[in-house]
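K.L.:
I would like the atomic coordinates for the input below:
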Amino acid sequence: MNGQFGFLRSNFPEQHEIAVRAERYALDDPGTSIIHARRALESAVKWVYANDTSLEVPYDESLNALLHEPGFCPFEDGKVFDLARRIQKAGNRAVHESKAPTTAEAIQIASALHLVLYWLAFRYGRTKPEPGNPFDPNLLASEDAVGAEQEERNLATRQELEVRLVEEAADAEAARAELAAANQTLEEVEAERSRLIAEVTAARLAADTEPEGSIDWSEATTRTKLIDLYLGEAGWKLTDERDREFEVTGMPFGSGTGYVDYVLWGDDGLPLAVVEAKKTRASEQTGKHQAVLYADCLEAMNGRRPVIYYTNGYTHWLWNDTSQPPRKVQGFHTRDELELMIQRRTTVVPTNTLDIDNAVVERSYQHRAIRAITDHIEVDGQRKALVVMATGAGKTRTVIALCDLLMRAGLVRRALFLADRTALVDQAVGAFKEHLPDITTVNLTTEPNEDGRVYVSTYQTMVGKIDETRHDGTRRFGVGHFDLVVIDKAHRSVYRKYRGIFDSYLVGLTATPRDEIDTNTYDLFDLETGVPTDSYSLDDAIDDGYLVPPTNVSVPMQFVREGI
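P.N.:
Modelled structure (predicted):
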């Protein structure tokens with residue numbers, strides 16, 4: 001099977017063999033596909049270092065060190081490095097994390113691998129691949145159609161693949177050395193190597209003069225292969241001719257006419273959002289100004305200003321520019337979510353005009369924490385907050401009162417509370433139901449298919465549901481499903497898995513003293529090190545009479561008293 005990596009066969013057979021497997025498994029076994037993609041990347045990068053005399057091999061020959069070598073990073077203005085890092089990280093996750101990758105991720109990684117290996121073949125191949133043939137997900141076949149390696153696939157577990165990542169390079173080198181020793185003298189081997197390096201150098205110099213070797217997808221290809229996929233996950237069918245290349249008038253240059261890549265329309269026939277697309281390896285920021293001009297035109301034509309997206313297919317930015325700065329998001333919002341976003345421009349009530357429910361929290365430090373969070377959101381324009389509060393001081397009730405206040409203000413429709421143990425989830429569910437009886441609270445660990453306004457879950461349960469889809473292919477928990485995410489025990493090792501998944505306000509809770517919190521935890525919440533949004537320490541709680549000092553209890557242990 002040559003597939004879409006057939007251009008590698010003549011000059012790069014080893015990389016071709018591995019890449020074909022990445023392509024073959026993309027639909028049926030995304031995890032195995034991504035692991036093979038990482039293997040193909042590592043094989044390609046090590047080939048480059050072995051044959052490009054302009055590169056210096058670093059002291060550490062791991063893939064990570066090779067990618068970060070200053071001589072490698074600038075290739076294609078950093079585009080090769082960006083793609084390679086994407087493949088490397090995905091491969092590492094596929095090997096080490098229990099959560100299985102999605103088919104969509106496998107397709108993206110296969111397309112990124114195609115770009116990297118096309119660059120390899122064009123830059124170093126003695127025969128250049130044909131330009132203008134980007135990776136096409138529509139050409140992927142399921143294992144039922146391919147069927148060539150079914151037996152191998154059943155036997156090759158991910159643990160075996162992980163071992164091969166480490167052993168393959170050494171085994172291949174040993175095999176080549178044995179073959180050379182058996183058939184060639186040392187002088188012949190060196191002569192052959194010198195000849196190959198000369199040919200590679202000539203190919204590299206020739207490639208530098210040929211602009212057709214760009215590894216970019218075109219803007220049109222980016223739209224059809226990536227952006228359409230993400231919009232589909234959010235329920236945008238794009239079946240109306242107005243959805244794409246919509247003509248607007250009033251542009252401030254040329255004929256005054258422009259064509260918007262995508263317009264997302266509301267049920268009332270008015271625009272909800274514009275999407276400006278750039279080719280994959282262009283900076284998405286290059287589309288920002290153009291997207292604003294399109295929004296200006298649509299506002300003049302329809303009387304409503306749409307929300308702005310600009311994207312290169314991999315990185316997406318959202319800008320509701322009537323009130324908020326641009327922010328990076330992981331995808332697109334649904335029609336209902338965009339309509340609510342626009343509605344909030346006029347319906348949100350300032351939280352400082354509303355009272356905090358004293359039936360939920362009555363202590364002054366709890367009120368202070370809630371006001372600090374809302375001021376951080378409304379006055380400072382921030383979307384993340386970290387609260388340090390001693391164990392036993394009422395963190396859960398503080399969060400319940402915060403949810404109630406933000407819901408009454410119109411800032412939050414649905415909230416997610418994450419805890420690290422089932423017992424804490426059950427405790428939080430009981431507290432929400434007791435203090436907010438009119439709000440439907442769902443325990444995702446025991447009610448996985450229920451819908452409500454407050455969802456409570458363990459981290460592990462939510463990880464398994466992030467990519468859950470409905471029967472129509474749309475995501476159940478899309479980027480805009482939650483307006484507020486609360487992370488109990490917000491430690492870096494847990495939180496980084498959720499970083500940026502939802503386009504929501506995010507509040508972290510911890511009882512760890514603020515001076516002992518990891519610096520990176522503050523970074524994750526965009527805060528100055530040692531300065532949480534609000535803090536109420538154990539000493540403060542003791543001084544105020546809400547908690548008592550801990551008492552040491554001596555427990556005699558048999559091992560200590562008598563030995564083993």
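K.L.:
contact partners for residue 3?
P.N.:
Going by C-beta atoms under 8 Å, 6 or more residues apart in numbering, residue 3 touches 20, 23, 24, 139. Yep, even glycine has a C-beta here, placed from its N, CA and C like the rest.
K.L.:
repeat that for 7 Å
P.N.:
Counting by C-beta atoms under 7 Å, 6 or more residues apart in numbering, residue 3 touches 20, 23.
K.L.:
can you check residue 87 too?
P.N.:
Neighbours of residue 87 in contact, by C-beta under 7 Å, 6+ apart: 37, 38, 41, 109, 112, 113.
K.L.:
what about the fourth one, which SS state?
P.N.:
Going back to what we said before, that points to residue 109. helix (DSSP: H, G, I helix; E, B strand; the rest coil).
K.L.:
how about the helices in the stretch 51-200 of the chain?
P.N.:
For the stretch 51-200 of the chain, the helices defined by DSSP state H, counting those that start in this stretch occupy 63-68, 79-96, 103-124, 143-146, 150-155, 158-183, 186-208.
K.L.:
quick one, strands of the stretch 351-500 of the chain?
P.N.:
All strands of the stretch 351-500 of the chain, identified by DSSP state E, counting those that start in this stretch, fall at 384-389, 415-419, 441-443, 454-458, 484-488.
K.L.:
nearest to residue 336 among the contacts of residue 87?
P.N.:
Taking C-beta to C-beta as the measure, residue 109 is the one of the contacts of residue 87 closest to residue 336, at 31.0 Å.
K.L.:
tell me the confidence at residue 183?
P.N.:
pLDDT for residue 183: 53.
K.L.:
just to revisit the earlier point, can I get the contacts of residue 87 in CSV with neighbour count, pLDDT and distance to residue 250?
P.N.:
Shown next, in CSV, are the contacts of residue 87 (neighbours: other C-beta atoms under 10 Å; pLDDT from 0 to 100; distance: C-beta to C-beta, whole Å):
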residue, neighbour count, pLDDT, distance to residue 250
37, 32, 95, 45
38, 26, 95, 48
41, 30, 96, 46
109, 28, 92, 41
112, 23, 89, 38
113, 30, 94, 43
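K.L.:
biggest separation within those residues, which pair?
P.N.:
Farthest pair in the contacts of residue 87, by C-beta to C-beta: 38 and 112, 10.8 Å.
K.L.:
who does residue 265 bridge with?
P.N.:
residue 271 (DSSP bridges).
K.L.:
ok, it - contacts?
P.N.:
By C-beta under 7 Å, 6+ apart, the neighbours of residue 265 are 242, 271, 272.
K.L.:
make JSON lines out of those residues and add pLDDT and distance to residue 401.
P.N.:
Below are the contacts of residue 265 laid out as JSON lines (pLDDT from 0 to 100; distance: C-beta to C-beta, whole Å):
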{"residue": "242", "pLDDT": "93", "distance to residue 401": "45"}
{"residue": "271", "pLDDT": "97", "distance to residue 401": "37"}
{"residue": "272", "pLDDT": "97", "distance to residue 401": "33"}
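K.L.:
so, low pLDDT: which residues of the chain?
P.N.:
1-2, 77, 132, 141-225, 280-284, 491-500 (pLDDT under 70).
K.L.:
tell me the domain ranges of it?
P.N.:
3-213, 219-347, 351-543 (automatic domain parsing).
K.L.:
switch the ones you listed over to a markdown table; also include distance to residue 550.
P.N.:
Output for these, formatted as a markdown table (distance: least, C-beta to C-beta, whole Å):
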| stretch | distance to residue 550 |
| --- | --- |
| domain 3-213 | 37 |
| domain 219-347 | 42 |
| domain 351-543 | 8 |
